[in-house]
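[1] Okay, here's the prediction I keep looking at, along with the sequence it came from:
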Amino acid sequence: DQQVKQNSPSLSVQEGRISILNCDYTNSMFDYFLWYKKYPAEGPTFLISISSIKDKNEDGRFTVFLNKSAKHLSLHIVPSQPGDSAVYFCAASDYGGSQGNLIFGKGTKLSVKP
Amino acid sequence: KAGVTQTPRYLIKTRGQQVTLSCSPISGHRSVSWYQQTPGQGLQFLFEYFSETQRNKGNFPGRFSGRQFSNSRSEMNVSTLELGDSALYLCASSRTSGGLTDTQYFGPGTRLTVL
């Protein structure tokens, strides 16, 4: 059973607009969440993270929102750029484990059109 | 500084064979994790090593094993290969283990094809 779900396999957005990528989780023990970006033929690259003591974390154009009651997090990219086109993975862990034991979603492929 | 390197980048094997994949972490990193990526299952955690000791293990059969050397380099081995083992195997390193804010850096992966 998938503990981390990214229900949209793909998303297409116009350059300059907002991209919103969503992620749901089922394990209430998860309290640290990360987003990774992956280009073809490269390994995933860490983007941004958030712990359960926060509901928002911002880094430049990237903002992650966490709604613990809904077990939902989202990644907002504003404004979207063509270089943001990649597969985005949501990942989760709990403080009982190490970061090396991340549970990943299956990814959402973002296409930003010029 | 040099990133995580994985060798080989591509590998073709036949069912029943065994395979060894290698990962060199970023200099100074002592934690190495392995993941399997397939289209159907996404990225799945295999195991994590820190200071030559396996700290965590994912839900994979015993055919999947690994080890870490004193220089933090790691190898994973898959014995008696099955068609379903065809995947991208990713290695990630971080400075420590247990530090959730300690960013994991991924290598480019080894693409294994089992015929």
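    Nice, thanks for sending it over.

[2] Next, name the residue at the spatial heart of chain B.
    B:Trp34 (3.0 Å; Cα atoms, centre = their mean).

[3] wait, what's in contact with that one?
    B:23, B:45-48, B:66, B:74, B:76, B:89-92 (Cβ atoms under 8 Å, 6 or more residues apart in numbering or on different chains). Placement of C-beta: from N, CA and C, glycine included.

[4] In strands, which of those fall?
    B:23, B:45-48, B:66, B:74, B:76, B:89-92 (DSSP state E).

[5] Can you say which of those residues are also within reach of chain A?
    B:45, B:48, B:90, B:92 (Cβ under 8 Å from any Cβ of the partner chain).

[6] Show me which pair in the residues you listed is furthest apart.
    Maximum pairwise distance in these, criterion Cβ to Cβ, is 12.6 Å, between B:Glu48 and B:Leu90.

[7] Can you tell me which of the ones next to chain A among the ones in strands among the contacts of B:Trp34 is nearest chain A?
    B:Glu48 (3.3 Å; Cβ to the nearest Cβ).

[8] wait, doesn't the closest one sit right on B:Ser33?
    Yes. Between B:Glu48 and B:Ser33 there is a contact under Cβ atoms under 8 Å: 4.3 Å.

[9] Report the contact partners of the residue of chain A positioned farthest from its centre.
    No residue in chain A sits farther from the centre than A:Pro114, which is 22.6 Å out by Cα atoms, centre = their mean. Remark: with contacts taken as Cβ under 8 Å, 6+ apart, A:Pro114 is in contact with A:15, A:82.

[10] picking up where we left off before, and which of the contacts of B:Trp34 is nearest A:Cys23?
    Among the contacts of B:Trp34, and counting by Cβ to Cβ, the member closest to A:Cys23 is B:Phe45, at 16.9 Å.

[11] for chain A, what are the nearby residues on chain B?
    Residues of chain B lying near chain A (Cβ under 8 Å from any Cβ): B:4, B:31-33, B:35, B:41-45, B:48, B:50, B:55-56, B:58, B:90, B:92, B:94, B:97-109.
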